[in-house]
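Undergrad: The sequence and its predicted three-dimensional model are supplied below.
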Amino acid sequence: MAARKGSGGSRRPKTKNVDAHSEGPVTRDPGPTGNIGCYVLAAAGVLIGLTILVLETLV
């Protein structure tokens with residue numbers, strides 16, 4: 001019977017694990033349509049403010 005070699009791991013050299021998020025700028029550019037959430041929040045804030053203003057003037 002033939003002798004077995006050590007543990008049967010792969011022969012490839014170990015490569016360093018590179019995190020994909022570690023490079024590049026800290027913040028992402030949202031692009032032309034990526035900041036719609038900001039507009040929605042701003043519109044909701046203005047709408048709530050106007051609603052409170054109208055309710056205060058009626059009472």
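TA: Structure received. Note that this is a predicted model, so its numbers are computed, not measured.

Undergrad: Where do the helices of this structure begin and end?
TA: Ranges of helices within the chain are 36-58, based on DSSP state H.

Undergrad: so where is it shaky, pLDDT-wise?
TA: 1-26, 29-31 (pLDDT under 70).

Undergrad: One more pass at 80, please.
TA: 1-35, 59 (pLDDT under 80).

Undergrad: Next, count neighbours for residue 38.
TA: 10 (other Cβ atoms under 10 Å). Using the backbone N, CA and C atoms, a C-beta is placed for each residue, glycine as well.

Undergrad: And for residue 46?
TA: 10.

Undergrad: likewise residue 36?
TA: Neighbour tally, residue 36, other Cβ under 10 Å: 10.

Undergrad: do the same with residue 47
TA: Residue 47 has 10 nearby residues by other Cβ under 10 Å.

Undergrad: Against residue 54, how distant is it?
TA: Distance of residue 47 to residue 54, given as Cβ to Cβ, to the nearest Å: 11 Å.

Undergrad: Same question for residue 46.
TA: For residue 46 relative to residue 54 (Cβ to Cβ), the value is 12 Å.

Undergrad: Kindly report the same for residue 27.
TA: 38 Å.

Undergrad: next one: residue 34
TA: 33 Å.

Undergrad: what's the answer for residue 36, then?
TA: The value you get for residue 36 to residue 54, if Cβ to Cβ is used, is 27 Å.

Undergrad: ok, now residue 32?
TA: In terms of Cβ to Cβ, residue 32 sits 34 Å off from residue 54.
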